[in-house]
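> Model the following, please.
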Amino acid sequence: MRTRRQFLRDAGCGLGTAALLSAFDRFSRLDAAVSSGAATDYRALVCIFLFGGNDGNNMVIPYDDYATYAKVRGTALNLPKASLLQVSAPSQKAAFGLHPSLVELQSLYNGGHLAVLANVGTLAAPITRAQYLAGAPSPDNLFSHADQQSQWQTSVPFTNDPLASTGWGGRLADATVSLNAGLFPMVVSVAGVPLFTTGVSARPLVPGSGLAGFSASAALKARYAALRSILQADGSTMLVGAANAITGNGIDDVATLNAALAQTPPLETVFPTTSLGSQLLKIAEVIASRDALKMNRQIFFVSLPGFDTHTDELNTQQNLLTQVSQAMAAFYDATVELGVATNVTSFTLSDFGRTFLPASGGGADHAWGSHHFILGGSVKGGDFYGTFPTLALNGPDDASNEGRWIPTTSVDQYGSILAQWYGVAAKDLPTVFPYIGQFGTDSLGFLS
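Numbers count the residues shown, from 1 in each chain. Prediction:
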């Protein structure tokens with residue numbers, strides 16, 4: 001288990017004595033700054049983005065109709081039926097098999113804490129195969145990594161929409177900012193500065209983003225003081241003043257986080273020492289510091305790359321999904337340890353699914369709809385939500401002749417359920433999901 005000092009080092013939060021003293025002073029002002037409309041409970045959303053386009057066809061497999069799956073996937077991508085982790089899906093009146101690497105998630109599914117959302121993807125409006133082939137409006141640049149990553153993170157299907165420059169996580173923070181004290185960022189990313197976390201006003205805190213470097217030595221404390229003086233010296237030019245404020249606020253926020261972590265006992269839950277495990281450990285430790293930070297609502301972003309499996313998918317996906325399963329399970333255990341399992345919901349996103357028909361090289365090509373996981377103590381788990389696609393090439397759900405499933409659930413619908421659980425009123429959903437009016441949400445009650 002890592003020590004608190006290791007967390008501070010790895011997250012890039014080592015601001016030293018001068019910054020920490022400033023942070024403790026900020027704590028003294030947090031209580032006075034709490035909004036009169038602040039929430040009285042705690043809730044957090046954790047976005048786990050699987051970059052590259054995860055093949056949901058091999059993550060969730062029909063067990064009762066395995067023959068249909070095996071006939072199309074062939075020897076290149078076939079997972080033997082005996083290797084699948086069988087689960088029941090009461091709403092589908094069928095049994096399914098999870099990928100054999102998802103041992104921990106199978107246990108959480110059977111325990112009622114994990115749900116599967118079937119065939120979800122980017123959409124401008126509900127669309128059928130016939131409408132798609134006839135040229136009905138569909139998201140811009142389908143099957144493109146960059147465009148589909150953006151659309152999943154923004155919920156905006158058209159690149160010329162002004163809101164395409166903001167993410168739905170950031171807009172959610174904008175819509176619920178009054179639920180917090182307002183002195184610490186609601187959004188934290190440990191995977192860079194993704195579009196998902198950027199709102200109209202909200203900006204993410206990114207520990208390790210280059211705001212560290214001030215140890216407790218006299219020389220470096222002097223350097224810290226000099227930097228703060230420079231940042232406060234010239235705000236006459238609008239852009240310079242804004243940049244100075246962003247840097248200064250970032251230093252203050254990282255210092256505040258540093259101080260909060262220093263007050264918080266270390267977690268006993270053991271996390272895997274993988275990329276995703278390390279990221280989710282950092283998030284769990286920030287959640288453990290929620291009282292010191294006076295946070296009632298928080299949004300987090302982590303990611304795992306490598307899912308662009310054009311070749312050697314069986315081996316690649318086995319390694320990646322093992323990491324996903326172990327890290328998500330450890331994170332859930334940590335929320336149980338902290339007593340916030342029902343207050344924290346994690347969920348997966350990815351660029352797109354992959355073709356049902358194998359490609360050369362033991363992989364699959366870019367596709368559209370795919371399946372995703374939702375995990376937490378408030379999740380109505382042990383079941384599937386949405387509509388599982390018909391696994392037929394050229395069938396009613398295929399946008400091509402290769403098994404590119406046309407989504408039957410939109411990103412807007414998926415996110416809106418998470419947003420309402422987080423605290424957004426149904427009437428305010430269009431401020432977060434501007435296309436939500438094109439869709440219904442009644443059948444997606446995967447959160448209590």
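> C-terminal to the strand or helix carrying residue 251, what's the next element?
Element membership of residue 251 [criterion: DSSP states H and E] is helix 238-263. Note on helix 238-263: by DSSP H and E, the next helix or strand toward the C-terminus is helix 275-288.
> For residue 168, give me its contacts.
153, 154, 155, 196, 411, 415, 419, 432, 433 (Cβ atoms under 8 Å, 6 or more residues apart in numbering). From N, CA and C alone the C-beta is placed, and that goes for glycine too.
> gap between the third one and residue 327?
I take that to be residue 155. 25 Å (Cβ to Cβ, to the nearest Å).
> quick one: residue 118 from residue 402, how far?
19 Å.
> Looking at the two, which is more packed in?
The neighbour comparison of residue 118 against residue 402 (other Cβ atoms under 10 Å) goes to residue 118, with 24 against 18.
> so what's the backbone phi/psi at the more buried one?
phi -90, psi 140 (degrees, to the nearest 10).
> Please name the bridge partners of it.
Residue 118 has these beta-bridge partners by DSSP bridges: residue 386.
> phi, psi of residue 87?
phi -140, psi 150.
> check contacts around it.
95, 96, 97, 98, 106, 109, 110, 382.
> how does it look with 7 Å?
95, 96, 98, 106, 109, 110 (Cβ atoms under 7 Å, 6 or more residues apart in numbering).
> from those residues, which ones fall inside strands?
In strands, judged by DSSP state E, the following of these are found: 95, 96, 98.
> which of these count as buried?
96, 98 (16 or more other Cβ atoms under 10 Å).
> Could I have the buried ones of the contacts of residue 168 as PyMOL selection syntax?
Of the contacts of residue 168, the buried ones can be selected in PyMOL as follows, counting by 16+ other Cβ under 10 Å:
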select buried, resi 153+154+155+196+411+415+419+432+433
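> right, and out of the contacts of residue 168, which lies closest to residue 296?
Using Cβ to Cβ, residue 419 comes nearest to residue 296 of the contacts of residue 168, at 15.5 Å.
> so where does the closest one fall, helix or strand?
Going by DSSP H and E, residue 419 is part of helix 411-422.
> Dump the C-alpha coordinates for the next helix or strand after that helix into CSV.
Scanning forward in sequence from helix 411-422 by DSSP H and E, the next helix or strand is helix 429-432. Output of helix 429-432 as CSV, limited to C-alpha atoms (Å, rounded to 0.1, in the frame of the first residue of the first chain):
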residue,chain,number,x,y,z
LEU,A,429,-31.0,18.8,-18.1
PRO,A,430,-30.9,20.8,-21.4
THR,A,431,-28.2,23.0,-19.9
VAL,A,432,-26.0,20.0,-19.6
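> In helix 429-432, which of the residues would be classed as buried?
429, 431, 432.
> Hmm, residue 436 and the first one touching each other?
Pointing back at residue 429 there. Yes - counting by Cβ atoms under 7 Å, residue 429 sits close enough to residue 436 to count as a contact (5.0 Å).
> Overlap of the contact sets of the two?
Contacts common to residue 429 and residue 436, judged by Cβ under 7 Å, 6+ apart, are residue 416.
> so where do the helices sit in the stretch 51-200 of the chain?
66-77, 103-110, 129-133, 145-154, 168-175 (DSSP state H, counting those that start in this stretch).
> So which of these is the most surrounded?
Comparing the helices of the stretch 51-200 of the chain by mean neighbour count (mean count of other Cβ atoms under 10 Å), helix 168-175 comes out on top with a mean of 26.
> which intervals of this protein have sub-threshold pLDDT?
1-36, 182, 208-250, 441-443 (pLDDT under 70).
> what residue lies at the spatial centre of it?
residue 47 (1.2 Å; Cα atoms, centre = their mean).
> In a strand, that one, correct?
Yes - judged by DSSP: H, G, I helix; E, B strand; the rest coil, residue 47 forms part of a strand.
> What residues are bridge-paired with it?
Beta-bridge partners, per DSSP bridges, of residue 47: residue 301, residue 347.
> Settle this for me: it is touching residue 196, isn't it.
Yes - assessed by Cβ under 7 Å, residue 47 is found in contact with residue 196 at 6.0 Å.
> joint contacts of those two?
In contact with both residue 47 and residue 196: 169, 301, using Cβ under 7 Å, 6+ apart.
> which residues touch residue 361?
310, 311.
> Which strand or helix spans it?
Judged by DSSP H and E, residue 361 forms part of no helix or strand.
> Check residue 299 too.
strand 297-304.
> Mind giving me the packing neighbours of that strand?
When contacts are defined as 3 or more Cβ pairs under 7 Å, 6 or more residues apart in numbering; DSSP states H and E, strand 297-304 packs onto strand 43-50, helix 168-175, strand 187-189, helix 275-288, helix 313-337.
> Now for residue 74: which residues touch it?
residue 358.
> Pull up the gap between residue 428 and residue 339, please.
29 Å.
> Same drill for the two, tell me which one is more crowded.
residue 428 (13 against 9).
> Skipping adjacent residues, who's closest to the more buried one in space?
residue 175 (5.9 Å; Cβ to Cβ, 6 or more residues apart in numbering).
> and what of residue 370?
residue 353 (3.0 Å).
> Contact partners for the one you found?
53, 55, 56, 57, 367, 368, 369, 370, 405.
> Tell me the one among the ones in strands among the contacts of residue 87 nearest to residue 188.
residue 98 (29.7 Å).
> residues contacting that closest one?
Contacts of residue 98 (Cβ under 7 Å, 6+ apart): 60, 84, 85, 87, 105, 106.
> Surely the third one is in contact with residue 102?
The reference is to residue 85. Yes - the criterion here is Cβ under 7 Å, and residue 85 meets it with residue 102 at 6.0 Å.
> More neighbours: which of those two?
residue 102 (26 against 20).
> For stretch 383-394, C-alpha coordinates in CSV please.
Provided in CSV are the C-alpha atoms of stretch 383-394 (Å, rounded to 0.1, in the frame of the first residue of the first chain):
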residue,chain,number,x,y,z
ASP,A,383,-29.1,-6.5,-14.7
PHE,A,384,-28.9,-5.0,-18.2
TYR,A,385,-30.4,-1.7,-19.3
GLY,A,386,-31.2,-0.4,-22.8
THR,A,387,-31.7,-2.8,-25.8
PHE,A,388,-29.1,-5.4,-26.7
PRO,A,389,-28.5,-5.4,-30.5
THR,A,390,-29.5,-8.1,-32.9
LEU,A,391,-26.2,-9.8,-33.7
ALA,A,392,-26.7,-10.1,-37.5
LEU,A,393,-24.6,-8.7,-40.3
ASN,A,394,-26.8,-6.5,-42.4
